[in-house]
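Visitor: Need coordinates for the below:
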Amino acid sequence: MSDAHKAALAEGRVQGRAVRRYLEALEATRPRRGRKRTPESIRARLERIDGEAADANPLRRLQLTQERMDLEAELETTEDTVDLSEREAAFIDAAKGYGDRKGISYAAWREAGVSAATLKAAGISRAR
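Guide: Residues are numbered from 1 along each chain as shown. Here you go, the predicted model:
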């Protein structure tokens, strides 16, 4: 394998990683339906669960235990903030080459949640 081929493979891995990380961050920060839960509301529900579990029958206690575990996991993810600007900058550098190589259209990027402004900054246009 030539050095040029190795360099091309390495560049493809870097571009793919940047695109994947940005799309994952978009997915994680995408607005969800329904009322938003705040860390305070999650903590309040955890306190109520602890009070309810003391007097609950075994089946209800099992359900409350699972709800507590789910809420604790959700609380951890809400406290983890994603630096979208850093990932967006890496995406902008990598997206055009990655998209050209993989044949990804403007419409596919948009459907994946990438904004038109970000695609424009990356040099990806509607015309092919």
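Visitor: The residue in the chain sticking out farthest from the centre and residue 43, how far apart?
Guide: Distance from the centre of the chain peaks at residue 55, with 38.7 Å (C-alpha atoms, centre = their mean). Using C-beta to C-beta, to the nearest Å, residue 55 is found at 21 Å from residue 43. In this view, the C-beta of every residue, glycine as well, is placed from N, C-alpha and C.
Visitor: Can you give me the buried ones in the helix ranked longest in the chain?
Guide: Of all the elements of type helix in the chain, the one with the most residues (DSSP state H) is helix 3-29. Neighbour counts over helix 3-29 (16 or more other C-beta atoms under 10 Å) mark 15, 18, 19, 21, 22, 23, 25, 26 as buried.
Visitor: And those, which is closest to residue 51?
Guide: Residue 51 lies nearest to residue 25 out of the buried residues of helix 3-29, by C-beta to C-beta, at 36.8 Å.
Visitor: low-scoring pLDDT stretches of this protein, where are they?
Guide: For the chain, the stretches flagged by pLDDT under 70 are 79-82, 128.
Visitor: 90 - rerun?
Guide: 1, 4, 7-11, 25-39, 54, 74-85, 126-128 (pLDDT under 90).
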